[in-house]
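>>> I need the structure of the sequence given here:
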Amino acid sequence: MNRQDVLAFIQEEFDVTEERLWSNYPDYVVFRNKRNKKWFAIIMDVEKARLGLEGSGKVDIINLKCDPLLIGSLRCNQGYLPAYHMSKKSWISVLLDGSVREDELKSLICFSYELIEQAK
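Prediction:
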């Protein structure tokens with residue numbers, strides 16, 4: 001899935017609208033749970049070097065809330081990175097470059113939403 005696919009999926013699945021909170025980062029998009037206003041997904045374009053990736057230029061990622069026990073095993077797979085600018089203990093970054101299967105990414109987005117839904 002690419003950025004546009006993910007944006008459409010989140011808006012349709014959870015009936016939430018994107019928020020662009022930072023004028024100096026116009027491509028950073030935040031999604032919040034309607035009930036408790038907590039973030040469950042952040043889509044960003046980040047310099048590859050900041051993520052420890054080879055090459056130059058930017059890559060799209062999504063940060064998702066995740067179970068700490070699951071994060072370690074996910075990071076063993078291609079397309080998963082330590083959370084960029086979030087707690088690496090409870091968030092994970094996923095590349096939006098097609099390296100993660102669509103069904104897997106959708107499941108993780110739904111899981112992130114559920115984890116945030118349960119938060120007070």
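>>> Show me the strands in this protein, by range?
Taking DSSP state E as the test, the strands found in the chain are 29-32, 39-47, 58-65, 80-82, 91-95.
>>> CA-only coordinates of the third one in PDB, if you can.
Listed in PDB are the C-alpha atoms of strand 58-65, where the atom choice follows Å, rounded to 0.1, in the frame of the first residue of the first chain:
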ATOM      1  CA  LYS A  58      12.400  10.700   1.400                       C
ATOM      2  CA  VAL A  59      10.300   7.700   2.000                       C
ATOM      3  CA  ASP A  60       6.700   7.500   3.300                       C
ATOM      4  CA  ILE A  61       6.100   5.700   6.600                       C
ATOM      5  CA  ILE A  62       3.200   5.200   9.000                       C
ATOM      6  CA  ASN A  63       3.700   5.100  12.700                       C
ATOM      7  CA  LEU A  64       1.300   2.800  14.500                       C
ATOM      8  CA  LYS A  65       0.600   2.000  18.100                       C
END
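>>> Could I get the average pLDDT for it?
What strand 58-65 shows for mean pLDDT is 96.
>>> Just name whatever secondary elements that strand is in contact with.
Strand 58-65 is packed against strand 39-47, strand 91-95, helix 102-118, with contacts defined by 3 or more Cβ pairs under 8 Å, 6 or more residues apart in numbering; DSSP states H and E. For glycine as for every other residue, the C-beta is placed from the backbone atoms N, C-alpha and C.
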